[in-house]
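Colleague: next one to model:
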Amino acid sequence: MNSTLVDDAVERLSRQLPLQTRQSALTSVLRRLHQSVIESLVLQGRPPSDEEIVSLVGTDQADAAVRRLGGDDLVVLSTDRRSIVGAYPVTTETTPHEVHVSGHLIYAMCALDAVSVAPMFGMPVEICSHCRVTDEFVCIKQDGERVLEAAPAGVRVGVRWQMPSGDHAAHSMCREMIFLRDDAAAAEWSRGDRQNHSVFTLEEAVEFGTRTFRPLLERAN
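Modeller: Take a look at the predicted model:
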């Protein structure tokens, strides 16, 4: 594993999408709501219900709480900005990255997000996606941080570095974090531009994603 590559990627992504910094600025109640959204999406395949949100933040604060998390891009909101549809790394919106976990289907916002779910929750996960270059089917089975199976065997995760645009990184930057069949596909995709493109083995991508997303579930002291 290229530790320097992963270290640099974690730092670079935290500058472009500072999820941990934004979460740490929340009140304890909002932080718990944010964590509950992630947990509900992964473990139940849906965002928390209105009733569940009210039980955490109170009736008078529910709408403001959802707007705050959406404004910070900690959650992804519906087009009318009234409902939660996702929270990094998962979403109910259809994406190319299916994640089969806890007996149901959810979607990851990008390839990096997809390989982050299993280590975040210490659970078995099956990912179904495709190579951006060849459109070949990609299947990955994980259990926590361990990659159990991958087809094709040489599958890579590619990141084209760009700043988020619009309301949510999920609809911009995340779309350029992709699976690639192998090193040949990665070379065709990046075209030698190493400044704006990074390519990771699955093990490197899992480490990158774990360090980015697992702290979001840590309980405040």
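Colleague: only C-alpha atoms for contact and neighbour calcs from this point on.
Modeller: Fine.
Colleague: run through who's touching stretch 79-98.
Modeller: 34, 37-38, 41-42, 45-47, 63, 66-67, 70, 74-78, 105-111, 113-114, 116-117, 127-130, 170, 213 (C-alpha atoms under 8 Å, 6 or more residues apart in numbering).
Colleague: ok, now stretch 140-158?
Modeller: With C-alpha under 8 Å, 6+ apart, stretch 140-158 has contacts from 111-112, 115, 118-128, 137-139, 176-183, 186, 197-203, 205-207, 210.
Colleague: go through stretch 9-25 and flag the buried ones.
Modeller: Using 16 or more other C-alpha atoms under 10 Å as the test for burial, stretch 9-25 gives 9-10, 13, 17-20, 23.
Colleague: from P119, how far off is the residue nearest the centre of the chain?
Modeller: Taking C-alpha atoms, centre = their mean, the centroid of the chain lies closest to P89, which sits 2.3 Å from it. Using C-alpha to C-alpha, to the nearest Å, P89 is found at 12 Å from P119.
Colleague: now swap in Q23 and tell me
Modeller: In terms of C-alpha to C-alpha, Q23 sits 20 Å off from P119.
Colleague: same check on V37?
Modeller: V37 sits 17 Å away from P119, going by C-alpha to C-alpha.
Colleague: distance of the closest residue to D72 other than its chain neighbours relative to G71?
Modeller: Distances taken as C-alpha to C-alpha, 6 or more residues apart in numbering place R22 nearest to D72, at 6.8 Å, with adjacent residues excluded. According to C-alpha to C-alpha, R22 stands 10 Å off from G71.
Colleague: where exactly do the helices run in this structure?
Modeller: 3-16, 19-24, 28-44, 50-57, 62-71, 111-114, 117-121, 183-190, 202-213 (DSSP state H).
Colleague: single out the most deeply packed of the ones you listed.
Modeller: Mean neighbour count (mean count of other C-alpha atoms under 10 Å) peaks for helix 111-114 among the helices of the chain, with a mean of 28.
Colleague: give the rounded mean pLDDT of that helix.
Modeller: The average pLDDT for helix 111-114 rounds to 98.
Colleague: which strands and helices sit next to that helix?
Modeller: Using 3 or more C-alpha pairs under 8 Å, 6 or more residues apart in numbering; DSSP states H and E, the elements in contact with helix 111-114 are strand 97-101, strand 177-180, helix 202-213.
Colleague: okay, I178: pLDDT?
Modeller: 98.
Colleague: okay, and the beta partners of it?
Modeller: As for beta bridges, I178 partners with G158 under DSSP bridges.
Colleague: what about it, neighbour count?
Modeller: 25 (other C-alpha atoms under 10 Å).
Colleague: could you measure from it over to R191?
Modeller: In terms of C-alpha to C-alpha, I178 sits 15 Å off from R191.
Colleague: ok, R22 next?
Modeller: Distance, R22 to R191, using C-alpha to C-alpha: 34 Å.
Colleague: again, but for I38
Modeller: Going from I38 to R191 by C-alpha to C-alpha gives 36 Å.
Colleague: same check, this time on L217
Modeller: L217 is 37 Å from R191, by C-alpha to C-alpha.
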